[in-house]
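Colleague: Okay, sequence plus prediction incoming.
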Amino acid sequence: MEGWKPIQMCKDNNGVEFEELVREFEKKVYNISYSITENKDDALDVSQEVFLKVYRRIHTFRGDSSIATWLYRITINTCWDYLKKRNKQKSNYTNCFNDEKHTLINAEGVDDWKTPEDIHDVKELQAIVREAINHLTDDQRVVVVLRDLQQLSYNEIAEILNCSLGLVKSRLSRGRTKLREILTNSQEYREYLGEGFYYERKDREES
């Protein structure tokens with residue numbers, strides 16, 4: 001969060017303020033961790049390790065970037081290290097890609113749906129998209145998570161991943177394109193949305 005004021009008190013080993021920092025960011029850190037590790041227990045382990053690192057390194061935060069950017073960078077790096085230790089090659093996330101709006105349907109959003117039928121539909125869509133996400137590269141997946149799920153700016157993502165703005169946009173574009181290709185050609189996805197959706201999109205793309 002840009003301009004997060006209690007950061008100096010955290011540096012001064014103020015436990016109360018550090019707890020506030022944890023409360024502020026724990027859900028986002030967990031979501032990113034889960035998006036990459038694909039496992040709830042792993043995500044919890046990573047989240048705990050992230051905040052342990054933050055606690056130990058808080059005095060090194062210079063304010064060159066926002067506290068959120070700094071914390072997300074630690075999260076991403078911790079996730080990669082965790083996956084390397086577990087020798088995992090692929091990861092996915094349970095959030096769904098909405099092709100028309102280029103956004104992700106957050107699993108937390110299920111609480112906003114009013115009926116059991118709505119909840120079932122959203123979870124079914126999540127399961128379908130989860131399979132498609134497996135085909136994204138790690139680089140594409142992370143950028144999609146940070147942009148479409150966490151709603152970070154391109155500049156923030158570039159800073160977190162320590163890469164150029166152009167590379168961020170390229171990975172995001174390729175990731176979204178790959179998801180569209182996979183989902184559009186998925187029989188389950190077409191059955192879920194209806195064949196009309198598939199043929200309408202196909203007509204637009206071929207025109």
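Modeller: Nice, thanks for sending it over. Nothing here was measured: the structure is a model prediction, and the numbers come from that model.
Colleague: how about residue 54, secondary structure?
Modeller: At residue 54, secondary structure determined by DSSP: H, G, I helix; E, B strand; the rest coil is helix.
Colleague: That one touches residue 72, doesn't it?
Modeller: No. At 11.0 Å, residue 54 and residue 72 do not qualify as touching, with contact defined as C-beta atoms under 8 Å. C-beta: built from backbone N, CA, C; applies to glycine.
Colleague: Between those two, which is the more surrounded one?
Modeller: Neighbours per residue, other C-beta atoms under 10 Å: of residue 54 and residue 72, the larger number sits with residue 72, 25 against 21.
Colleague: Which residues belonging to the helix or strand harbouring residue 35 are considered buried?
Modeller: Taking DSSP states H and E as the definition, one finds residue 35 inside helix 15-37. Neighbour counts over helix 15-37 (16 or more other C-beta atoms under 10 Å) mark 17-18, 21-22, 24-25, 28-37 as buried.
Colleague: Lowest pLDDT pick from these?
Modeller: Lowest-confidence member of those: residue 17, scoring 76 (pLDDT).
Colleague: Would you double-check that residue 141 falls in a helix?
Modeller: Yes. Assessed by three-state DSSP, residue 141 belongs to a helix.
Colleague: neighbours of it, just the number please.
Modeller: Neighbour tally, residue 141, other C-beta under 10 Å: 23.
Colleague: again with residue 128
Modeller: What residue 128 shows, counting by other C-beta under 10 Å, is a neighbour count of 19.
Colleague: quick check: mean pLDDT across the helix or strand it falls within?
Modeller: Taking DSSP H and E as the criterion, residue 128 maps to helix 116-133. For helix 116-133, mean pLDDT rounds to 64.
Colleague: Same check on stretch 45-52?
Modeller: Stretch 45-52 comes out with an average pLDDT of 95.
Colleague: Report the buried residues of that stretch.
Modeller: Neighbour-count burial for stretch 45-52, counted by 16+ other C-beta under 10 Å, picks out 46-47, 49-51.
Colleague: Which of these fall in strands?
Modeller: Within the buried residues of stretch 45-52, no residue falls in strands by DSSP state E.
Colleague: Identify, from those, the entry nearest to residue 59.
Modeller: Among these, residue 51 lies closest to residue 59 (C-beta to C-beta), at 15.0 Å.
Colleague: shouldn't the closest one be in contact with residue 28?
Modeller: No. Counting by C-beta under 8 Å, residue 51 stays clear of residue 28, with 11.9 Å between them.
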